[in-house]
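>>> need a structure here:
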Amino acid sequence: MTANQVNRALGLEVKHLQVRFGEFTALHDMSFTVAPGESLGLVGESGSGKSTVLRGICGLVQRSAGEVQLLGECELPKPGSKEFRRRVQMVFQDPYGSLHPRQTVDRMLAEPLAIHGIGDAESRIEAALEAVGLGKGYRFRYAHQLSGGQRQRVAIARALILEPQLLLLDEPTSALDASVQAEVLNLLEALRRERGLSFLMVSHDLGVVTHLCERVMVMQRGREVETLEAAALAQGRVSQDYTRELMVAAQGFVRRAA
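Numbering: from 1, shown residues only. Predicted coordinates:
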């Protein structure tokens with residue numbers, strides 16, 4: 001990563017984030033920091049609150065308490081503002097559900113440019129498609145004419161077209177075949193390096209997180225269990241029993257002799 005890329009990246013500071021749905025507390029007093037240019041992974045079993053963290057940050061669910069701040073520049077937009085949404089973009093889990101079935105790729109990529117008043121749409125759309133490994137021939141296709149991997153590449157292109165500095169990634173490869181997962185992960189890794197992006201990535205797959213992230217936060221029932229270096233997780237150097245249980249579960253089914 002070059003010096004210019006590091007300066008361009010934005011970090012994230014989350015302080016005492018709480019999200020409640022009626023009487024149920026989905027997130028309890030979550031605090032963490034993503035340094036500019038860093039990639040932090042959130043892991044845990046289903047229902048641990050990982051995706052709710054992302055939705056709380058970008059405003060898709062209402063925060064009951066807590067603060068969200070960007071890091072890295074003198075003047076930073078307020079969370080929820082139009083400028084914040086331009087700098088912080090999200091890639092969703094389901095490439096089949098996150099793209100409009102009646103819009104062409106061209107229209108889906110043009111829409112965020114129009115919302116933010118950004119011109120030169122044609123060249124930006126072609127550049128975004130090129131960046132994710134799709135040629136301009138995909139511009140006028142519909143979602144049903146694309147494979148799962150191609151749909152997720154379009155979703156990434158839609159996030160990138162506003163030139164954000166922080167990406168929120170909600171299990172971006174879990175709905176894809178294993179071979180396609182590797183292609184999308186390699187694409188994300190290359191884009192982060194080339195553009196100096198910061199990532200906050202949710203995944204239930206420890207292998208995916210250790211491949212793409214530098215640090216990992218383990219969550220359970222809406223709370224932080226522990227945060228450690230990805231290399232330490234890969235080597236099994238963990239301190240909490242819950243993290244060890246996740247590692248055992250990640251190994252998959254093992255048949256025992258009768």
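
>>> Mind jotting down where the helices sit in the stretch 101-250 of the chain?
With DSSP state H, counting those that start in this stretch, the ranges of helices along the stretch 101-250 of the chain come out as 105-115, 121-131, 148-160, 178-195, 206-212, 230-234, 241-250.

>>> Any idea which of the ones you listed gets closest to residue 18?
helix 241-250 (20.9 Å; CB to CB). (Each C-beta comes from the backbone N, C-alpha and C, glycine too.)

>>> Convert the C-alpha atoms of that closest one to CSV, please.
This file holds the C-alpha atoms of helix 241-250, laid out as CSV (Å, rounded to 0.1, in the frame of the first residue of the first chain):
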residue,chain,number,x,y,z
ASP,A,241,-13.3,-21.4,25.2
TYR,A,242,-16.0,-20.1,22.9
THR,A,243,-13.4,-19.2,20.2
ARG,A,244,-12.0,-22.7,20.5
GLU,A,245,-15.5,-24.1,20.0
LEU,A,246,-15.8,-22.0,16.8
MET,A,247,-12.5,-23.4,15.6
VAL,A,248,-13.6,-27.0,16.2
ALA,A,249,-16.9,-26.3,14.4
ALA,A,250,-15.1,-24.8,11.5
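
>>> Output the contacting helices and strands for that helix.
Judged by 3 or more CB pairs under 8 Å, 6 or more residues apart in numbering; DSSP states H and E, the packing partners of helix 241-250 are helix 206-212, strand 215-220, strand 223-229.

>>> what's the last one packed up against?
Meaning strand 223-229. Partner elements for strand 223-229 (3+ CB pairs under 8 Å, 6+ apart): strand 24-34, strand 215-220, helix 241-250.

>>> Walk me through which strands the second one pairs with, and which way each runs.
Taking DSSP bridges as the criterion, strand 215-220 pairs within the sheet with strand 39-43 (parallel), strand 223-229 (antiparallel).

>>> which residues are contacting the longest one?
Meaning strand 223-229. Residues lying outside strand 223-229 but in contact with it, judged by CB atoms under 8 Å, 6 or more residues apart in numbering, are 28-32, 44, 49, 214-219, 237-240, 242-243.

>>> Now with 7 Å, please.
Applying CB atoms under 7 Å, 6 or more residues apart in numbering, the external contacts of strand 223-229 come out as 28, 30, 32, 215-219, 238-240, 242-243.

>>> Would you mark the buried spots in that strand?
Of the residues in strand 223-229, 224, 225, 226, 228 count as buried by neighbour count, 16 or more other CB atoms under 10 Å.
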